[in-house]
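Enquirer: Based on what follows, work out the 3D shape:
(2 chains)
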Amino acid sequence: MNIPLNDKNEDKKKSIEELIDEFGKPMMNLAYTYVKDWRLAEDVMQEVFISIYKDIDNLPNITSYKAWIYRITVNKCKDLLRKKFFKKDIIFDFFGHFSKSEKLTPEEQLLVSTERKSLSLSVLELPVRYREVIILYYYEDFSTAEIAELLSQNVSTVKTKLNRGRQLLKSKLNRGDWFEY
Amino acid sequence: MNTKELFKNALDEDIFKDNPFDTTVKERTIRKINRLENRRTSNKRFQLIFNRLLTVSVCAVLIIITINMINNNNLFNKNGKEGSQTANEGQKENSLTTNEKNMLTNKDALEEYKGLPENIRNIFTENLLHYYNKDSDFREKVAIALTMTDYLSVYKLEAMTDKVPGPNFNWGFTYTNEKVYVIGEDWIEIENNFINLNDNSTSRLKEHLNQIGKEYVINTGELDFPEGTDIFKPKLSHNNLDQSIISNIVKDVEKKIVGLNEISGSMGERDNLIYTKINDFLSSYQDIQGIDNQQELDTYFQVSRDFYIFSLIILRPVEVEVLKEPKYLSNEEQVKDIVENYPR
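Expert: Model (predicted):
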């Protein structure tokens, strides 16, 4: 696909609309795997597009929109997680509302019923460093080299994390046959 | 069906099916962008009007000042008095804010705060909330407060650690390109004291730490208040832990004790914080040698973390920066960084 954000003659707003059509939903999916809340995922998606729009006149040459947009989304999510971490703690921990519910959310209750569902839940329960690599590799079909570029890490680091993520999933699911190369 | 297909199906059907993205969400996003655009345009218009008004005002003010300077010598004295009153009020408010901020970055004060009766705590909380909403600097202080008991930020910890030691526990530094930020004044002191050690002590310390300082376990499990206590901590229970894990932890403690004993004996310079710290670690590990109960397990994780950070600062297997307070990038800075530093 070609969304010529860099073309001076193109209607920028139209280009952004095309980007939203193409990537809005998958971006929200990706953001959800980090923030685990659809409203926050929508906020992330909107923030990404707003940032792009703000800098639209100074964008570098973009060869792969998907990788570029995913990279911004991942960074936004991590940024939000840092903020979310202390905001959450302010409300529930710091200000004296320490009780933490052991109950699963209705969404989680639904998820634990079947093995397939337990796979989804297990993926979301993985630490972020493994979760992001697993999602990008298995769901988004990025290669390890592409993931390394997207996350600004070494290919070997990505491979290690992918391996470790697989091991964790296997142990969580008690399924040795899952997540082989 | 291969693994990827299974994986995709599971996520699509269980998680992503609830994705609320539709035309409404799309329109909402576009509306936000339009609002941004309108704000930009109105800002330009406002700037034009503002410039004209400014020119006229400057002329008017110059005329008024000239007339006043001639006629009213006492004006400055009077204003000076009023000004000092305003400054006093400002100082009062600043000192309140400063106190609250100090409390937030003081671990003992935070503990005291938790012990206050609930009604008093709630009043105080409102006050904190007020500043929290009003002052970005204050929000930063809150973030610091929450990391006070965890000098490495949780995000960085997650990138480096495992939940519990596995059967073949031998978990070392994870080498990544990312710089590690260590936060806290105590660690700055450690860093400064290490720099002041002589070359002989430095190389011996590094040699020993290379053997015992790199293996590291931390419990990053879910946090909660265990029943009957008011300690907020990871939920991991000593009673439910596999014996092999306990035995690995015990082995680690023994190894640390031997290593720390060697360091302590070999250090020539004893009038130094590093020497004191080494002996503190040694006695902490000696106190929990058998990992016989929950308390010892909790202490182990705490000491393990502190010793790891200590070794990290000294060995620097990755780029390490020791800061008094954490620094976070804003969203805008993140995007700017990506756009500027990762051209496609």
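
Enquirer: quick one: A:S51 from A:N75, how far?
Expert: 10 Å (Cβ to Cβ, to the nearest Å). Quick note: C-beta positions are derived from backbone N, CA and C, even for glycine.

Enquirer: swap that for B:F310, please
Expert: For B:F310, the distance to A:N75 - Cβ to Cβ - is 31 Å.

Enquirer: lowest average confidence, helix or strand, in chain A?
Expert: One helix or strand of chain A scores below all others by mean pLDDT, DSSP states H and E: helix A:106-111, with a mean of 51.

Enquirer: Give me the helices and strands touching the helix or strand following that one, please.
Expert: Of the helices and strands lying after helix A:106-111 in sequence (DSSP states H and E), the nearest is helix A:115-125. Helices and strands touching helix A:115-125, by 3 or more Cβ pairs under 8 Å, 6 or more residues apart in numbering or on different chains; DSSP states H and E, are helix A:106-111, helix A:128-134, helix A:155-173, helix B:3-14.

Enquirer: Convert helix A:115-125 to PDB, retaining C-alpha atoms only.
Expert: Extracted in PDB, the C-alpha atoms of helix A:115-125 (Å, rounded to 0.1, in the frame of the first residue of the first chain):
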ATOM      1  CA  GLU A 115      -7.400 -24.500  26.500                       C
ATOM      2  CA  ARG A 116      -7.400 -22.100  23.600                       C
ATOM      3  CA  LYS A 117      -8.700 -19.400  25.900                       C
ATOM      4  CA  SER A 118      -6.000 -20.200  28.400                       C
ATOM      5  CA  LEU A 119      -3.500 -19.700  25.700                       C
ATOM      6  CA  SER A 120      -4.800 -16.200  25.100                       C
ATOM      7  CA  LEU A 121      -4.700 -15.500  28.800                       C
ATOM      8  CA  SER A 122      -1.300 -16.900  29.200                       C
ATOM      9  CA  VAL A 123       0.100 -14.700  26.400                       C
ATOM     10  CA  LEU A 124      -1.400 -11.600  28.100                       C
ATOM     11  CA  GLU A 125       0.100 -12.700  31.400                       C
END
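
Enquirer: That helix - what's its average pLDDT?
Expert: The average of the pLDDT scores along helix A:115-125 is 77.

Enquirer: Find me the pLDDT at the residue nearest to B:V318 when sequence neighbours are not counted, would you?
Expert: Leaving aside its sequence neighbours, B:V318 sits nearest to B:V180 (Cβ to Cβ, 6 or more residues apart in numbering or on different chains; 5.6 Å). Here the pLDDT value assigned to B:V180 is 70.

Enquirer: So B:V180 versus chain A, what's the distance?
Expert: Going from B:V180 to chain A by Cβ to the nearest Cβ, to the nearest Å gives 14 Å.

Enquirer: contacting residues for A:V35?
Expert: A:41, A:44, A:77, A:80-81, A:84 (Cβ atoms under 8 Å, 6 or more residues apart in numbering or on different chains).

Enquirer: if you set the cut-off to 10 Å instead, what comes out?
Expert: Counting by Cβ atoms under 10 Å, 6 or more residues apart in numbering or on different chains, A:V35 touches A:41-44, A:76-78, A:80-81, A:84.

Enquirer: okay, it: pLDDT?
Expert: 84.

Enquirer: what's the answer for B:Q289, then?
Expert: B:Q289 is assigned 92 on the pLDDT scale.

Enquirer: hey, what's the residue nearest to B:V318 bridged with?
Expert: B:V320 (DSSP bridges).

Enquirer: Kindly compare burial across the helices and strands packed on helix A:115-125 and name the winner.
Expert: A comparison of those by mean neighbour count, using mean count of other Cβ atoms under 10 Å in any protein chain shown, puts helix A:128-134 on top with a mean of 22.

Enquirer: just checking, what packs against that one?
Expert: If contacts are counted by 3 or more Cβ pairs under 10 Å, 6 or more residues apart in numbering or on different chains; DSSP states H and E, helix A:128-134 sits against helix A:12-35, helix A:65-89, helix A:115-125, helix A:144-150, helix A:155-173, helix B:154-160.

Enquirer: For B:R270, grab phi and psi.
Expert: phi -110, psi -20 (degrees, to the nearest 10).

Enquirer: three-state assignment of A:N61?
Expert: Assigned by DSSP: H, G, I helix; E, B strand; the rest coil, the conformation of A:N61 is coil.

Enquirer: Assign a three-state SS to B:V182, would you?
Expert: Secondary structure assignment for B:V182 (three-state DSSP): strand.

Enquirer: Can you tell me the closest non-neighbouring residue to it?
Expert: Distance criterion Cβ to Cβ, 6+ apart; nearest residue to B:V182, sequence neighbours excluded, is B:V322 at 4.8 Å.

Enquirer: returning to what we had before: of the contacts of A:V35, which fall within the contact range of chain B?
Expert: Filtering these for proximity to chain B by Cβ under 10 Å from any Cβ of the partner chain leaves A:41-42, A:44, A:76, A:78, A:80-81.

Enquirer: The residues you listed: which two are farthest apart?
Expert: The largest separation in those, counting by Cβ to Cβ, is between A:E42 and A:K78 at 17.2 Å.

Enquirer: So between these two, which is more surrounded?
Expert: A:E42 (22 against 18; other Cβ atoms under 10 Å in any protein chain shown).

Enquirer: ok, that one touching A:N29?
Expert: No - counting by Cβ atoms under 10 Å, A:E42 stays clear of A:N29, with 11.5 Å between them.

Enquirer: Check the contact lists of these two and give me the overlap.
Expert: B:19, B:21.

Enquirer: Backbone dihedrals for B:D298, please?
Expert: According to degrees, to the nearest 10, B:D298 has phi -60, psi -40.

Enquirer: likewise the one 3 residues further on?
Expert: When read as degrees, to the nearest 10, the backbone of B:F301 gives phi -60, psi -40.

Enquirer: any idea how far chain A is from it?
Expert: When distance is defined by Cβ to the nearest Cβ, B:F301 is 17 Å away from chain A.

Enquirer: Give me the neighbour count for that residue.
Expert: Applying other Cβ under 10 Å, I find that B:F301 has 19 neighbouring residues.

Enquirer: correct me, but it touches B:I249?
Expert: Yes - counting by Cβ under 10 Å, B:F301 does reach B:I249; the two are 9.2 Å apart.

Enquirer: Is B:R316 in contact with B:V180, as I believe?
Expert: Yes - with contact defined as Cβ under 10 Å, B:R316 and B:V180 form a contacting pair (9.1 Å).

Enquirer: More neighbours: which of these two?
Expert: Neighbours were counted for B:R316 and for B:V180 using other Cβ under 10 Å; B:V180 has more, 22 against 11.

Enquirer: Verify the stated contact: the more buried one with B:W187.
Expert: No - in this structure, B:V180 is not within contact of B:W187 by Cβ under 10 Å, at 11.4 Å.

Enquirer: Overlap in contacts, those two.
Expert: When Cβ under 10 Å, 6+ apart defines a contact, the residues bordering B:V180 and B:W187 alike are B:152, B:309, B:312-313, B:320, B:322.

Enquirer: List just the nearest of these to B:R35.
Expert: When those are compared for distance to B:R35 (Cβ to Cβ), B:L152 wins out at 39.1 Å.

Enquirer: pLDDT at that closest one, what is it?
Expert: At B:L152, pLDDT is 38.

Enquirer: Same check on the one 5 residues further on?
Expert: Per-residue confidence (pLDDT) for B:L157: 39.

Enquirer: Likewise for B:E185?
Expert: 80.

Enquirer: per-residue confidence for the closest residue to it other than its chain neighbours?
Expert: The shortest distance from B:E185 to any non-neighbouring residue, by Cβ to Cβ, 6+ apart, is to B:K324 (5.7 Å). B:K324 carries a pLDDT value of 73.
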